[in-house]
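Trainee: One predicted model, sequence on top.
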Amino acid sequence: MKKYYIALMVLVIAITSCTKDSTYAVEEKDGIQNFSNSGVPAEKDFTPDLKLVTTIKGGSGDESADRIFTKVSDLVTDSKGNIFISDGQSFTVKKFNSDGKFIKSFGRQGSGPGEFEFMGDMSIFNDTVYVFDQASYERVKFNSDGDFLGTKVFPRDKQPMFLEQVNNEKNLALKMAPNMIDGIVYFTVEVQMYDSRYNEIFSIDKRSMELDTNNPQINPADIFTPVCFSDNNIITAVVSEDMFRYKVYDLSGKQVQAVRMNYKRSEVSKDRLEIFKGIVRNSDGTKENVLSRAYNKAIEDIYCDKTGRVWVKKAKTDESVAGGYTEFSIFKDGVFINDYRFKGNVIFNETVIMKDIFYFYGDKLYVALDEDGEVSVNIYEYM
């Protein structure tokens, strides 16, 4: 009887383990762990449990002009938790403390010291704030108090986009190198690691795309490689219409994981099609961009939170636009945990179409929202 009981318990444990693990399979090949997820959540009751801590409103009319922002172009934080919001309308950077209290405004439109002709993305490294001027291809430098420090110039064919600080010695960015041959623009895009002086250390996931300006039938979002990083890993998304696929590298550039999950491809939403029409100009100056196919790429963007979870952002659909939400599939250590819907109209970083102002910095989530013309930044704690 005792032997029978032990055998029964072993069988129950085996069945339970099999059921849990049936949501995914993992195989190691050439030192890389390959995860195949079935699409069934491993944790059906999972939620990140977002809790709103602070809301920084753009302005209600009774604040000073220096404090008001109306167009969030980018957002970064420094080592003390201070928040820097670039306002593409006023060409200024607004500094707030970690509680959302306004401190100061700095920068302005122009071509002189500490000015920008066209504000692009913003980055921070060891509490030095860099604002990319897309007109001059310079990064305008300020200290965390907003004092102008000078400019950092990159070659036009090696301009890093979306610079992010990995640690005190390293930066991570996308590097774009455009080249025109016989009237056709070719973009080479790669994920680039830099040292503290912005010397190139290594690159991964290098790929090239053709952009025919005589017949610009492209999805502009396909040009960029979604990328994020955690404490020990770099995660890059693979462009695909019908498969979630991303790669995991260590901080030396060695691939350690490949993750995949089936995905039902979705049509590009009507509002996105309208936006796409003005992204690329024909050689005759007209602005028409008819997509050669009307499907989204499966992974529109990718984020890493404080726990090492990977948030895969799905593309907007007519349903999600109408419902006012952004949908994510969340993974942990290569395993699909569950889907999550974030309610709210998240603002785009207009430096590149499809990149939201949705950032994990430290132990907080920062999201810029535009609700019926009311612009604000929400700060959340999460589990």
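Mentor: Good, I have the coordinates.

Trainee: okay, now the residue lying closest to residue 109 once chain neighbours are set aside: neighbour count?
Mentor: Once flanking residues are discounted, residue 109 sits nearest to residue 91: 3.7 Å by CB to CB, 6 or more residues apart in numbering. In short, each C-beta sits where N, CA and C put it, glycine included. Neighbour count for residue 91, taken as other CB atoms under 10 Å: 20.

Trainee: my guess is residue 91 contacts residue 111, does it?
Mentor: No - using CB atoms under 8 Å as the test, residue 91 is too far from residue 111 to be in contact (11.5 Å).

Trainee: just the helices in the stretch 251-383 of the chain please.
Mentor: Taking DSSP state H, counting those that start in this stretch, the helices of the stretch 251-383 of the chain run over residues 270-276, 318-323.

Trainee: and the residue nearest to residue 109, how far is that from residue 54?
Mentor: Plainly put, residue 91 is 25 Å away from residue 54 if you go by CB to CB, to the nearest Å.

Trainee: How about residue 70?
Mentor: 19 Å.

Trainee: And these two? Which one has more around it.
Mentor: Set residue 70 next to residue 54 and count neighbours by other CB under 10 Å: residue 54 wins out with 17 against 13.

Trainee: what pairs with the host helix or strand of that one, and is each one parallel or antiparallel?
Mentor: Using DSSP states H and E, the element containing residue 54 is strand 51-57. Strand 51-57 has its sheet partners listed here by DSSP bridges as strand 374-381 (antiparallel).

Trainee: The partner strand: which residues count as buried?
Mentor: 375-380 (16 or more other CB atoms under 10 Å).

Trainee: And for stretch 126-145?
Mentor: 128-133, 138-142, 144.

Trainee: Which residue, neighbours along the chain excluded, lies closest to residue 43?
Mentor: residue 337 (4.9 Å).

Trainee: can I assume the one you found is in contact with residue 45?
Mentor: No - counting by CB under 8 Å, residue 337 stays clear of residue 45, with 10.3 Å between them.

Trainee: The two: which has the busier surroundings?
Mentor: residue 337 (21 against 6).

Trainee: so which helix or strand takes in residue 65?
Mentor: Under DSSP H and E, no helix or strand contains residue 65.

Trainee: how close does it sit to residue 26?
Mentor: Using CB to CB, residue 65 is found at 56 Å from residue 26.

Trainee: Those two: who's more crowded?
Mentor: The residue with more neighbours, out of residue 65 and residue 26, is residue 26; 15 against 9, by other CB under 10 Å.

Trainee: That one touches residue 257, doesn't it?
Mentor: No - under the criterion of CB under 8 Å, residue 26 is not in contact with residue 257, lying 9.1 Å apart.

Trainee: Just give me the neighbour total for residue 56.
Mentor: The number of residues packed near residue 56 is 23, by other CB under 10 Å.

Trainee: now residue 355
Mentor: 20.

Trainee: Cross-check the contact I'm expecting between residue 379 and residue 56.
Mentor: Yes - counting by CB under 8 Å, residue 56 is a contact partner of residue 379 at 7.5 Å.

Trainee: Name the residues contacting each of these two.
Mentor: Common contacts of residue 379 and residue 56 (CB atoms under 8 Å, 6 or more residues apart in numbering): 83, 100.

Trainee: Contacts only, for residue 138.
Mentor: 132, 151-153.

Trainee: do you know how far it is from residue 106?
Mentor: Computed as CB to CB, the residue 138 to residue 106 distance reads 16 Å.

Trainee: ditto for residue 265
Mentor: Per CB to CB, residue 265 is found 45 Å from residue 106.

Trainee: Those two - which one has more neighbours?
Mentor: It is residue 106, of residue 265 and residue 106, that has more neighbours when counted by other CB under 10 Å, with 20 against 14.

Trainee: The residue nearest to the more buried one when sequence neighbours are not counted: what's it in contact with?
Mentor: Nearest residue to residue 106 in three dimensions, chain neighbours excluded: residue 146, at 3.3 Å (CB to CB, 6+ apart). For residue 146, the contacting residues are 93, 95, 104-107, 129, by CB under 8 Å, 6+ apart.

Trainee: So what does residue 146 have for phi and psi?
Mentor: Residue 146 adopts backbone torsions of phi 90, psi 10, taken as degrees, to the nearest 10.

Trainee: Which pLDDT value belongs to it?
Mentor: pLDDT recorded at residue 146 is 96.

Trainee: returning to what we had before: what is the nearest of the buried residues of strand 374-381 to residue 329?
Mentor: residue 380 (19.0 Å; CB to CB).

Trainee: pretty sure that closest one is touching residue 50, no?
Mentor: Yes - Residue 380 lies in contact with residue 50 (CB under 8 Å); the separation is 4.5 Å.

Trainee: joint contacts of the two?
Mentor: residue 365.

Trainee: Next one: the residue nearest to residue 106 relative to residue 209, how far apart?
Mentor: Taken as CB to CB, the span from residue 146 to residue 209 is 38 Å.

Trainee: Where does pLDDT dip in the protein?
Mentor: The chain contains residues with pLDDT under 70 at 1-21, 60-62, 211-222, 272-294, 350-354.

Trainee: Go again with 50.
Mentor: Residue ranges of the chain with pLDDT under 50: 1-20.

Trainee: and the gap between the residue nearest to residue 38 when sequence neighbours are not counted and residue 99?
Mentor: Nearest residue to residue 38, sequence neighbours excluded (CB to CB, 6+ apart): residue 23, at 5.4 Å. Counting by CB to CB, the gap from residue 23 to residue 99 is 41 Å.

Trainee: Also residue 356?
Mentor: Counting by CB to CB, the gap from residue 356 to residue 99 is 24 Å.

Trainee: Have a look at these two and say which one is more surrounded.
Mentor: It is residue 356, of residue 356 and residue 99, that has more neighbours when counted by other CB under 10 Å, with 18 against 11.

Trainee: I appreciate the help and will end here.
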